[in-house]
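K.L.:
Pasted the sequence and its predicted model underneath.
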Amino acid sequence: MPECCAKIASLETWTTPATYEYTVQSLREQLPLFKDYDGLPWCSQQINAQDGYTMWDWADDKQSIIVNIKQGEISINRGPDDQGRSSCDTG
């Protein structure tokens, strides 16, 4: 395996043949957006539909769950978060 692509223990990556729009809608229906998830409070959402990118995250002062969606790929990163809630939506 190339050095650039070594496994990261906290990262899951899934490839999908579905369209970006379908993938986002499907995950929207399955995830608790704007609500707590696995004991972590909602943090933020970033969407750039023009580039086909969506990110949702939940975080407390020590842990985070970050879901990234782009065409053909979903990644989920769970683990320690040095930034804590500094990047979270406040409203």
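P.N.:
Yep, it's here.

K.L.:
Do you know the pLDDT at residue 55?
P.N.:
The predicted structure scores residue 55 at 97 on the pLDDT scale.

K.L.:
burial count for it?
P.N.:
15 (other Cβ atoms under 10 Å). Glycine gets a C-beta too; all of them are placed from N, C-alpha and C.

K.L.:
I'd say it and residue 43 touch.
P.N.:
No: assessed by Cβ atoms under 8 Å, residue 55 is found out of contact with residue 43, at 10.0 Å.

K.L.:
tell me which element the residue nearest the centre of the chain falls in.
P.N.:
Taking Cα atoms, centre = their mean, the centroid of the chain lies closest to residue 67, which sits 1.1 Å from it. Per DSSP states H and E, residue 67 falls inside strand 63-70.

K.L.:
Give me the sheet partners of that strand and which way each runs.
P.N.:
Here strand 63-70 is paired, per DSSP bridges, with strand 53-59 (antiparallel), strand 73-80 (antiparallel).

K.L.:
For the first one, buried residues please.
P.N.:
Taking 16 or more other Cβ atoms under 10 Å as the basis for neighbour counts, the residues of strand 53-59 that come out buried are 54, 56, 57, 58, 59.

K.L.:
dump the residue contacts of residue 48.
P.N.:
residue 54 (Cβ atoms under 8 Å, 6 or more residues apart in numbering).
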